[in-house]
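In: Structure of the sequence below:
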Amino acid sequence: DGYNLNDVASLDDPPGFLEDILLNAQKTFRAGVIHADLSEYNIVVQKDGVVLLIDWPQAVPTTHPNADDLLRRDVYNVLRYFERKYRLEEDLEETIAYVKA
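Out: Numbering: from 1, shown residues only. A predicted model of the protein is given here:
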């Protein structure tokens, strides 16, 4: 059981949740997959605080010709949400490098 991130009124630890989301994106990248539609609408926060990335039909392999652009968009969408709602500012390029690490 959980809630879409977009429907959550507030998070107890926004930086921690952002880190969890980016760790999930990093794990999928290491597995050779990019979500390609990641945003606050495709992230679920379970009642126990576990973060899930959902809605994978648009996912592409990291070898896809547009992989870099799609990953950039995914990371941008997540960072923009956390900046807008929680005033967290992270560098886009550094965050992309982190996800790819």
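
In: Number of residues surrounding the closest residue to Y76 other than its chain neighbours?
Out: Closest residue to Y76 apart from its sequence neighbours, by Cβ to Cβ, 6 or more residues apart in numbering: L92 at 6.0 Å. All C-beta spots, glycine's among them, are computed from the backbone N, C-alpha and C. Neighbours of L92 under the rule other Cβ atoms under 10 Å: 12.

In: Now the element after the longest helix seen in the chain, going C-ward?
Out: Scanning the chain for the longest helix, with DSSP state H as the assignment, gives helix 67-86. For helix 67-86, the following helix or strand on the C-terminal side (DSSP states H and E) is helix 92-100.

In: What helices and strands are in contact with the longest helix of the chain?
Out: If you count contacts as 3 or more Cβ pairs under 8 Å, 6 or more residues apart in numbering; DSSP states H and E, helix 67-86 packs onto helix 14-30, strand 33-34, strand 60-61, helix 92-100.

In: how about those in CSV, adding mean pLDDT?
Out: As requested, the helices and strands packed on helix 67-86 are exported to CSV (pLDDT from 0 to 100):
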stretch, mean pLDDT
helix 14-30, 98
strand 33-34, 99
strand 60-61, 99
helix 92-100, 99
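
In: Quick one, which of those gets closest to V8.
Out: helix 14-30 (9.0 Å; Cβ to Cβ).

In: Find the helix or strand that W56 is a member of.
Out: With DSSP H and E as the test, W56 turns up in no helix or strand.

In: can you pull the contacts of Y81?
Out: 5, 39-40 (Cβ atoms under 8 Å, 6 or more residues apart in numbering).

In: Just to be sure, which of the residues you listed are found in helices?
Out: Among the contacts of Y81, no member falls in helices (DSSP H).

In: ok so, going back, mind checking how far the residue nearest to Y76 is from A59?
Out: Separation of L92 from A59 (Cβ to Cβ, to the nearest Å): 21 Å.
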